[in-house]
Every structure is written in C-alpha cells, then in structure tokens.
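>>> I need the structure of the sequence given here:
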Amino acid sequence: MKETIVTIPINDLFAPKCGCPLCRMEEMLEEQYVMFVTGDAMMEPGVRVETNKKGFCHRHFSRMLLLGQKLPNALILETHLESVMELMPKKSGEKPDKKKLGAIGETLRSCYVCDRIEADMYHLMATVFAEWVKGGAFRRTYGEQPFICLRHYSFIMTAAMGKNGIPSGHLRNFHAETAALTKKYLETLCGDVKHFISRFDYRNRGQDFGASIDAIERSVEFLTGEKPSATSK
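The predicted structure follows:
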C-alpha cells in the first residue's frame, strides 16, 4: 500500500501483528487527546466550552492526572466545577429543576476524550475499509492479524455496514474474514482455558500448563479490550 498522511498511522497500527490492531488505534488516540487537552488546547476557548460541559470519565481523568501537569488539570477542573455549580439549586430548599438534573446526569455519562476518540475511530476505519477494498499488501496484513478483540469485532462489523463503510459487493467477504480472525482466536482461548483448568485435576498433577499459563489474562483482554491489572492467586 502506498503510504499517505492518512494511511501511515494505519500501516503502523496493523504492522506489529501482535494483539488487537483496533486496541492499538484506540490507545494511540487516547494518548494523543489526553496530551492535547492538558496541553495547548487547555487555553482554546472552543475546547474549554466542551470540556466544561462534558467533563471526563474516570479513566480519562486518571490518564490526565498521570500524563499531564497539575496546573493544567487544576485549570480544567476549575471551570468544569463552575459549570456543574450552575446546575445546582440557587437557594436552600429550592424545588429541583428537572432540566438541570438531566444535565447533571448527562455530564456524568459524557466524556470529552471518549467522544473525540469515537469520532476519530470512525474516521480511521473509513481508511481501513478503503485500503482493504483495494486489496494488495494491506489486505494481506489485515488477514494476518492474530485477532480482533470482541469489543472491536462488534464495532468494526457494524461500522463496515455504515457510512464510509465497505461497499455492498465486498461486505460479505470482509465480514467473513473479520469473523474468522475473531472466531479462530476465540477457539484458541476456549481450548487454553479448558487446558488451564485441567491442570488442577489431581490426575494431571505435575503436567505442564504450556500456552495456557496466561489463558486468563488473554481471555480478559479479548473480552474487554484491556489487559487485566491483576489476577487471582
């Protein structure tokens, strides 16, 4: 595939053939937007209007605190908290305002970084679909991915049927190829988890766990798109 400004990140994301390429895509966007919002964008009025209204989910607040400096985080919180204050009753004992309560609920459900990531994921997927349809090197690389996690399997299969997705004449083959990637890995996980469990049978005492040694961690990553932080003893 001839590389352009648009396709270069796609090549980079699919080249490693390790884990889910869409997880890498999402991680790349997440880091970019966390650094963006705690960097120069902190002083951009348009961005601040959105962050004041939407706020951030727990994950992205945590990432901002981890990757950004304290002062930018404090400045972002200052105006966001002021926006939340505007939704609180003006006087003690004031009758609850349903519209304002609804706005608080919306703030709790929304996240500026999540929304930007979602929009860009669809933008990048349009490039993935276009390059896949062309065939050639990228299509071979796509078919050589070890797996697409369950969350992103649902996402990509649905996105392929939407705007800027896969043309109808190619859609059946794309769905079949993508499903095969996910199903093959799922079958491997099922076998590895069963093998892992069987090692605890007294009749198999002393036998090697083999590839099943990290079956729990790999299964959680496949099902959620994220690596587990810890496992049971």
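
>>> for this structure, name the helix or strand with the lowest mean pLDDT.
helix 8-14 (a mean of 89; mean pLDDT, DSSP states H and E).

>>> element containing A126?
Take DSSP states H and E as the rule and A126 turns out to sit in helix 112-134.

>>> give me the buried stretch members for that helix, please.
By neighbour count on 16 or more other Cβ atoms under 10 Å, the buried set for helix 112-134 is 112-114, 116-117, 120-121, 124-133. To be clear about C-beta, it is placed using only N, CA and C from the backbone, and glycine gets the same treatment.

>>> so what does it touch, helix or strand wise?
helix 8-14, helix 21-37, helix 45-54, helix 58-67, helix 136-143, helix 150-159, helix 168-198 (3 or more Cβ pairs under 8 Å, 6 or more residues apart in numbering; DSSP states H and E).

>>> one more time with 6 Å, if that's ok
With contacts taken as 3 or more Cβ pairs under 6 Å, 6 or more residues apart in numbering; DSSP states H and E, helix 112-134 sits against helix 21-37, helix 45-54, helix 136-143.

>>> dihedrals phi and psi, F56?
phi -140, psi 150 (degrees, to the nearest 10).

>>> identify the residue spatially nearest to N164, adjacent ones excluded.
Spatially, and ignoring its direct neighbours in sequence, N164 is nearest to A126 (3.8 Å; Cβ to Cβ, 6 or more residues apart in numbering).

>>> where are the low-confidence patches of this structure?
1-7, 204, 230-233 (pLDDT under 70).

>>> report the central residue of this structure.
Geometric centre of the chain, nearest residue: E26, 4.3 Å, by Cα atoms, centre = their mean.

>>> check contacts around it.
If you count contacts by Cβ atoms under 6 Å, 6 or more residues apart in numbering, E26 has none.

>>> how close does it get to R59?
According to Cβ to Cβ, to the nearest Å, E26 and R59 sit 11 Å apart.

>>> same deal with P146?
Counting by Cβ to Cβ - P146 and R59 are separated by 25 Å.

>>> T141 now?
Separation of T141 from R59 (Cβ to Cβ): 30 Å.

>>> those two: which has the busier surroundings?
For the pair T141 and R59, the greater number of neighbours falls to T141 (18 against 14), based on other Cβ atoms under 10 Å.

>>> buried stuff in the host helix or strand of T79?
Assessed by DSSP H and E, T79 sits inside helix 70-85. Neighbour-count burial for helix 70-85 flags P72, N73, I76, H80, S83, V84 (criterion: 16+ other Cβ under 10 Å).

>>> make TSV out of the residues you listed and add distance to L186.
Converted to TSV, the buried residues of helix 70-85 look like this (distance: Cβ to Cβ, whole Å):
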residue	distance to L186
P72	42
N73	40
I76	40
H80	41
S83	44
V84	43
